[in-house]
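**Q** Fold the following, please.
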Amino acid sequence: MEKLSERVLNSIEKIKPDIRMRLDVPNFVTNGVLDSMDVINIIVAFEDDFGIEVDPVDVVHDNFATIEKMTAFVEKYLSKDGKA
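**A** You can find the predicted model right below:
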């Protein structure tokens with residue numbers, strides 16, 4: 001089975017095809033790799049790909065700063081919904 005982090009990366013690549021080349025950036029949001037529309041589109045991709053429903057209160061820049069943080073974000077929802 002594919003690791004969750006790889007599945008998260010695959011979802012993000014639908015929005016930002018060059019994301020793998022930018023993994024060394026310390027913060028995707030503050031360093032301009034992702035803008036607000038990218039974050040919204042990534043949320044939609046996560047909801048579609050993982051069958052989760054993201055609470056707007058969790059849509060904060062810090063949750064989208066790195067692949068690790070986005071993986072933890074998705075994992076939280078999968079665990080919450082019993083899909084992990």
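**Q** okay, CA-based contacts and neighbour counts for the rest of this
**A** Fine.
**Q** could you pull out the strands for the chain?
**A** Taking DSSP state E as the criterion, the chain contains no strands.
**Q** Dead centre of it: give me the residue that sits there.
**A** Closest to where the C-alpha atoms of the chain average out (Cα atoms, centre = their mean) is residue 70, at 3.9 Å.
**Q** give the contact list for the residue lying closest to that residue once chain neighbours are set aside.
**A** Nearest non-adjacent residue to residue 70, counting by Cα to Cα, 6 or more residues apart in numbering: residue 64, 5.4 Å away. Shown in contact with residue 64 (Cα atoms under 8 Å, 6 or more residues apart in numbering): 28-29, 39, 70.
**Q** Tell me how far residue 66 lies from residue 58.
**A** Residue 66 sits at a distance of 15 Å from residue 58 (criterion: Cα to Cα, to the nearest Å).
**Q** Please say which of the two ends up with more neighbours.
**A** residue 66 (18 against 10; other Cα atoms under 10 Å).
**Q** my read: that one touches residue 28, true?
**A** Yes - Residue 66 is within contact range of residue 28, at 6.1 Å (criterion: Cα atoms under 8 Å).
**Q** Span of stretch 48-62 from start to end?
**A** Using Cα to Cα, the two ends of stretch 48-62 sit 21 Å apart.
**Q** Quick one: distance of it to the chain centre.
**A** How far stretch 48-62 lies from its chain's middle: 8 Å, per Cα atoms, centre = their mean, to the nearest Å.
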